[in-house]
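Q: Pasted the sequence and its predicted model underneath.
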2 protein chains.
Amino acid sequence: MKFYRQSLDGCFESEIGIEGLSKPGFDVALTNTRGGVKWIRDAYHARKWPLLMLPEERGDLDSLQSIADVIKDQSKTILILGMGGSSLGGQTLQGLAAMDERSEPHIVFMENLDGHTFAQRLKGLDLETTSIIAISKSGRTAETAMQVFAFVSAFKTAGLQNLIAQRFIFITAPGKNPMRDLASDLNIPILDHDPDLGGRYSVLSSVGMLPAMLMGLDARALRTGAQSVMLDLLDNDDCEPARGAAILSSMAEANGRRTSVFMPYADRLARLGPWYVQLSAESLGKDGKGLTPISARGPRDQHSSLQLFLAGPNDKVFTILSHKHPHDGPQIFGDLVAEEFPYLAGKTMGELVAAETYALITTLRNQRRPARVFEVDAVDEMTMGALMMHFMLETIILGNVLGVNPFDQPAVEEGKKLAIKYLQGT
Amino acid sequence: MKFYRQSLDGCFESEIGIEGLSKPGFDVALTNTRGGVKWIRDAYHARKWPLLMLPEERGDLDSLQSIADVIKDQSKTILILGMGGSSLGGQTLQGLAAMDERSEPHIVFMENLDGHTFAQRLKGLDLETTSIIAISKSGRTAETAMQVFAFVSAFKTAGLQNLIAQRFIFITAPGKNPMRDLASDLNIPILDHDPDLGGRYSVLSSVGMLPAMLMGLDARALRTGAQSVMLDLLDNDDCEPARGAAILSSMAEANGRRTSVFMPYADRLARLGPWYVQLSAESLGKDGKGLTPISARGPRDQHSSLQLFLAGPNDKVFTILSHKHPHDGPQIFGDLVAEEFPYLAGKTMGELVAAETYALITTLRNQRRPARVFEVDAVDEMTMGALMMHFMLETIILGNVLGVNPFDQPAVEEGKKLAIKYLQGT
């Protein structure tokens, strides 16, 4: 069962002329992905990378659901602390839940560090009905630690130290680390973060599944969707992640198109954009290589970046996510409307969005800008799980093709050390 | 009075070697901005572009404030409809107001079109205490029209048609257009949108000032900040917008650095990013020219895009916005903390952010990645007005240097026509 269709038509020279790939060129690029596909299969069979095993894992979900139920019952507000990959997976799933500011429990990802924001958030927060989930694989992320300390202090200042063990939960790797030590001092429960699971590949673990359960999403369905993509890769050399990696790598290497624009046409898929940006940037941006990912959103950004996308430097490759369900939302009736905007009469909001999606795809082709299109029939947990797994596997294959390690992020270490040096005043 | 300092040091070869500009090279680039500066001065003296006159205008603000006061009094929720430039200026100012989901009136920018989001938003919305501001200069923007129709229908369906004239307000250009016709049929009040003021340059007009007043911001101070930048440009050939345009244009043309990363280190400045992206992309992305703007946020994106920024393709120029006020937020005391994270003991959250900002700037320099740095002492209306005016003027000068018209957006018209064709089924 496939939960999405990936069309590469708009990337070929038959569609967009010499700006596109030739079929033989694409075949070579696809052959070049074989090594990456084999690398993933070998890791799967050796049970080496937890990200490959998680889609079929189910045994952890019941106890996680119990924890989520307790947190939900006791909380009006749930703050999820964590930076980058510790936060973006959950945020992406929150888009699917389509909660708004009136939903309860109100789930807030505090994914940045800012004293003003923090003070603003704390003001008027009822700590007695607030739960705090802090996620840091290493347990050493300074921003997350600073936020944890500040919230622990806030509970103590409010005379609520006896609540800390019930209201906080940490997700961090086993072994000695500062966050784990703090948890042990304060009797804060800990969920183990698999040490072999990088933050940007962690969404299917408790890092993403606990937030998903708090939002009322179906964790099993998320994994089932992901599993369908994994199974396809195990069976099929020309699986969708390989085809995607072939397009992006050949566009980058042969055509110098090193900017990858990611543009969903559905609000519930929109938060995939920042998640994809982090996944791609940290996995591939090394040794002078990598694609520069850009997150956009349709149709909103037709009124923002589209002018540049269509008429600026032709150095980009586009990924358009289209929701094939045009009958969403209110329908427009009435003579008044018919007179003013005749083409909107009797149409639904979803039909206008669908027309704009087609129009964008056609315009990109007419302007000879290469684009691949993902189509989904439903926006639900299965689809979201499948899309996330697709892009994780595609990124790993891309890393293999480009010759970079998709699992490390060496360049950001210098800044961390410097920040500590500045704070120590040395 | 200057409300910000722009340091270009990190862009010169004396700092970052051959990746940087030579001083003579920069002097040539600065001389190339003279034409753009003169173009703006001439337009100012001929009173031709409203965006240049707005900073010194005050006469419109009292009546706008009265309108804002009425809307505020009658509303628990205010929805602001509008796409692109009709929305992003107000959103940027909302960042400054640092409101959250508990603030009242709750102000929501509906800047996209999505049937599911719309239905979700409508569910549970108390229309009797909801006001709707719809902004479309042309009055012909299909997405905004669709949303307006849907909300008008919702009021009618709820039997509240008698409230429509009090709860809706449109901002649109004079002359016949569909939105104006609808307003006239329904007795909806209209604020005139200056037809000579493009959406992406409209934040200082009612388009941004009405939302600002609804958020309790000081509109006069916003304009005063903007005016300081305008006065500097009138007086000073080497004004800050000219210096900025010189850096970006020479980086793009001489060095092939055509990606412009915009990265504030303060949540209240973060929404400048998407606003800057729209301003830059629509103004400059034409004739194969233009910079590709990317919005990032510090320190959050140190855990996302930074790996790519530091070690990926060296084809970017960075704009870092730094808030020189490191004593914000909670201070960390306690032996426990000192033991776990000794470098955080006694520090404030703001001090950690400041240390990370310095660390980033140093790391960019060490990796020979060109960066300019804006420093502000306060994050307030004056500073925000000054920064926004800086980037608007810099963009216009850049358009002049690159030889593109910074006021049109021709490429997006084809898509609009195609969408209508698809809806008509022809």
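A: Happy to help now that I have it. Numbering: from 1, shown residues only, chains lettered A, B, ... in the order given.

Q: Kindly state the pLDDT recorded for the residue in the stretch 151-300 of chain A positioned nearest to chain B?
A: Nearest to chain B, among the residues of the stretch 151-300 of chain A, is A:Gly285, at 2.6 Å (CB to the nearest CB). For every residue, glycine as well, the C-beta is placed using N, CA and C. pLDDT for A:Gly285: 97.

Q: do the same with A:Asp335
A: Value for A:Asp335, per-residue pLDDT: 60.

Q: still on that earlier bit, so the residue of the stretch 151-300 of chain A closest to chain B touches B:Asp315, yeah?
A: No. Using CB atoms under 8 Å as the test, A:Gly285 is too far from B:Asp315 to be in contact (11.6 Å).

Q: Show me whatever sits in contact with both of the two.
A: Common contact partners of A:Gly285 and B:Asp315 (CB atoms under 8 Å, 6 or more residues apart in numbering or on different chains): A:Thr292.

Q: Tell me which of these two has more neighbours.
A: It is A:Gly285, of A:Gly285 and B:Asp315, that has more neighbours when counted by other CB atoms under 10 Å in any protein chain shown, with 25 against 18.

Q: contacting residues around that one?
A: By CB under 8 Å, 6+ apart, the neighbours of A:Gly285 are A:Thr292, A:Ala411, B:Ser305, B:Gln307, B:Leu308, B:Phe309, B:Leu310, B:Ala311, B:Gly312.

Q: Can you name the residue of the stretch 251-400 of chain A nearest to chain B?
A: Counting by CB to the nearest CB, the stretch 251-400 of chain A gets nearest to chain B through A:Gly329 (2.0 Å).

Q: which non-adjacent residue is nearest that residue?
A: Counting by CB to CB, 6 or more residues apart in numbering or on different chains, A:Gly329 lies nearest to B:Gly115, which is 2.0 Å off, once chain neighbours are set aside.

Q: And the pLDDT at the one you found?
A: Value for B:Gly115, per-residue pLDDT: 90.

Q: quick one, helices of the stretch 201-350 of chain A?
A: A:206-214, A:219-235, A:240-253, A:267-270, A:272-284, A:306-311, A:335-340, A:349-366 (DSSP state H, counting those that start in this stretch).

Q: Tabulate those (TSV), appending mean neighbour count.
A: TSV is the format used below for the helices of the stretch 201-350 of chain A (neighbours: other CB atoms under 10 Å in any protein chain shown):
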stretch	mean neighbour count
helix A:206-214	26
helix A:219-235	21
helix A:240-253	24
helix A:267-270	23
helix A:272-284	26
helix A:306-311	26
helix A:335-340	16
helix A:349-366	23
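
Q: between the ones you listed, which one is nearest to B:Leu81?
A: helix A:349-366 (12.6 Å; CB to CB).

Q: other SSEs contacting the closest one?
A: On a contact count with 3 or more CB pairs under 8 Å, 6 or more residues apart in numbering or on different chains; DSSP states H and E, helix A:349-366 meets helix A:306-311, strand A:316-323, strand A:371-376, helix B:115-122, helix B:142-157, helix B:413-424.

Q: Which stretches in the stretch 51-200 of chain A count as helices?
A: With DSSP H, counting those that start in this stretch as the criterion, the stretch 51-200 of chain A has helices spanning A:61-74, A:85-97, A:115-122, A:142-157, A:164-167, A:178-186.

Q: Flag every buried residue along stretch A:44-57.
A: Buried residues in stretch A:44-57, defined by neighbour count with 16 or more other CB atoms under 10 Å in any protein chain shown: A:Tyr44, A:Trp49, A:Pro50, A:Leu51, A:Leu52, A:Met53, A:Leu54, A:Pro55.

Q: Would you mind pulling the contact partners of it?
A: A:40, A:42-43, A:194, A:196-198, A:201-202, A:204-205, A:223-224, A:226-227, A:229-230, A:234, A:385, A:389, A:392.

Q: Then stretch A:21-38?
A: A:8, A:11-14, A:233, A:237-239, A:242-243, A:245-247, A:249-251, A:254-255, A:370, A:396-401.

Q: let's see 10 Å
A: If you take CB atoms under 10 Å, 6 or more residues apart in numbering or on different chains as the criterion, stretch A:21-38 is touched by A:8, A:11-15, A:20, A:233-234, A:236-239, A:241-251, A:253-255, A:370, A:393-402, A:406.

Q: about what we covered before: tabulate the buried residues of stretch A:44-57 in CSV, adding columns for pLDDT.
A: What follows is those, written out as CSV (pLDDT from 0 to 100):
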residue, pLDDT
A:Tyr44, 98
A:Trp49, 97
A:Pro50, 97
A:Leu51, 98
A:Leu52, 98
A:Met53, 98
A:Leu54, 98
A:Pro55, 98
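
Q: Going by distance to chain B, which of the residues you listed wins?
A: Of these, the one sitting nearest to chain B (CB to the nearest CB) turns out to be A:Leu51, at 18.2 Å.

Q: ok, the residue in the stretch 51-200 of chain A that chain B sits nearest to - how many residues close by?
A: Of all residues in the stretch 51-200 of chain A, A:Gly115 sits closest to chain B, with a separation of 2.1 Å (CB to the nearest CB). Residues lying near A:Gly115 (other CB under 10 Å) number 26.
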